[in-house]
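Visitor: Sequence and predicted model, in that order:
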Amino acid sequence: MMEYFEYQEENVSCFFEITLEHRVVRTRHGRKGSKGVTTEKVFGDANMAAKEYERLLQEKKEDDSFYFRLGDTYRL
């Protein structure tokens, strides 16, 4: 699963991506047009990873500045 968020103002354009792959939660963020910074967390089981993915997802959904969202079908 993957979720992608973007933030854009007059002089600033950035992104935040959250990916869940079995026991791994990967986040990537940075300025649009760059590769960004990737962080990866490996969990003891898929359930723990899914909970962290949902927590991060909820956090971004509550942040109104990241208004543009693309779902699983989006690929960079």
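Guide: Yep, that arrived.

Visitor: Where does pLDDT dip in this structure?
Guide: By pLDDT under 70, the low-scoring segments of the chain are 64-76.

Visitor: ranges for the helices of the chain?
Guide: Using DSSP state H, the helices of the chain run over residues 46-62.

Visitor: which residue of it sits farthest from its center?
Guide: Of all residues in the chain, residue 10 has its C-alpha farthest from the mean position, at 22.3 Å, by CA atoms, centre = their mean.

Visitor: so how far is residue 61 from that residue?
Guide: 24 Å (CB to CB, to the nearest Å). The way it works is simple: take the backbone N, C-alpha and C, and place the C-beta from them, glycine included.

Visitor: do the same with residue 27
Guide: Distance from residue 27 to residue 61, by CB to CB: 15 Å.

Visitor: quick one, which of those two is more surrounded?
Guide: residue 27 (18 against 12; other CB atoms under 10 Å).

Visitor: Leaving out sequence neighbours, find the closest residue to the more buried one.
Guide: Closest residue in space to residue 27, ignoring its immediate chain neighbours: residue 39 at 5.0 Å, by CB to CB, 6 or more residues apart in numbering.
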